[in-house]
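*Asks:* sequence first, then the predicted structure, then my questions.
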Amino acid sequence: MTGITALGRKNTFVLTIRDTDEVAAALRLALAQASPEERPGLERAAALVESTAAATEVLLRARWVRSRLAAVGFTGDVGSVAAIKALRQAEPTLSLLAAVQLQREAVAHPE
């Protein structure tokens, strides 16, 4: 799970919250107790969690920006002024400075 907090007008930092360690541990436990039929699916799930856990905080913030833009129906250029406006529409408490910083990260880390 990714949560973005501290987006107030006076704050320009973003804190990324992740619980991939707990998910990975639960999958390892399930895998240890799995029947032969369940193993392939659980092994695939564990591999996906591990690859997701390796994502940097910057990449997670870039993904978050794109998800917030999609939530308001923005389909244009992420590097545009319209994208900043849409991001601030999606997150009304987001300061202009924070929106610009988040936009730069999203542009620098395209998916």
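*Replies:* Sure, I can see it. Numbers count the residues shown, from 1 in each chain.

*Asks:* doesn't residue 24 fall inside a helix?
*Replies:* Yes: with DSSP: H, G, I helix; E, B strand; the rest coil as the criterion, residue 24 is part of a helix.

*Asks:* what's the burial count for it?
*Replies:* Neighbourhood size, residue 24 [other C-beta atoms under 10 Å]: 16. Glycine gets a C-beta too; all of them are placed from N, C-alpha and C.

*Asks:* against residue 45, how distant is it?
*Replies:* As judged by C-beta to C-beta, to the nearest Å, residue 24 and residue 45 stand 10 Å apart.

*Asks:* wait, what's in contact with residue 107?
*Replies:* Neighbouring residues of residue 107 by C-beta atoms under 8 Å, 6 or more residues apart in numbering: 78, 79.

*Asks:* quick one: secondary structure of it?
*Replies:* When classified by three-state DSSP, residue 107 comes out as helix.

*Asks:* same question for residue 93.
*Replies:* State at residue 93, reduced to three classes by three-state DSSP: coil.

*Asks:* okay, now residue 91: neighbour count?
*Replies:* Residue 91 has 19 neighbours, counted by other C-beta under 10 Å.

*Asks:* okay, which residue is most central for this protein?
*Replies:* residue 60 (3.7 Å; C-alpha atoms, centre = their mean).

*Asks:* which regions of this structure lie under the pLDDT threshold?
*Replies:* 1-17 (pLDDT under 70).

*Asks:* can you pull out the helices in it?
*Replies:* Assigned by DSSP state H, the chain shows helices spanning 20-32, 39-53, 57-71, 81-90, 96-108.

*Asks:* quick one, what contacts residue 78?
*Replies:* 65, 66, 69, 103, 106, 107, 110.

*Asks:* and the fifth one, how far is that from residue 88?
*Replies:* Same thing as residue 106. Separation of residue 106 from residue 88 (C-beta to C-beta): 14 Å.

*Asks:* the two: which is more packed in?
*Replies:* Comparing residue 106 with residue 88 by neighbour count (other C-beta under 10 Å), the higher total belongs to residue 106, at 24 against 17.
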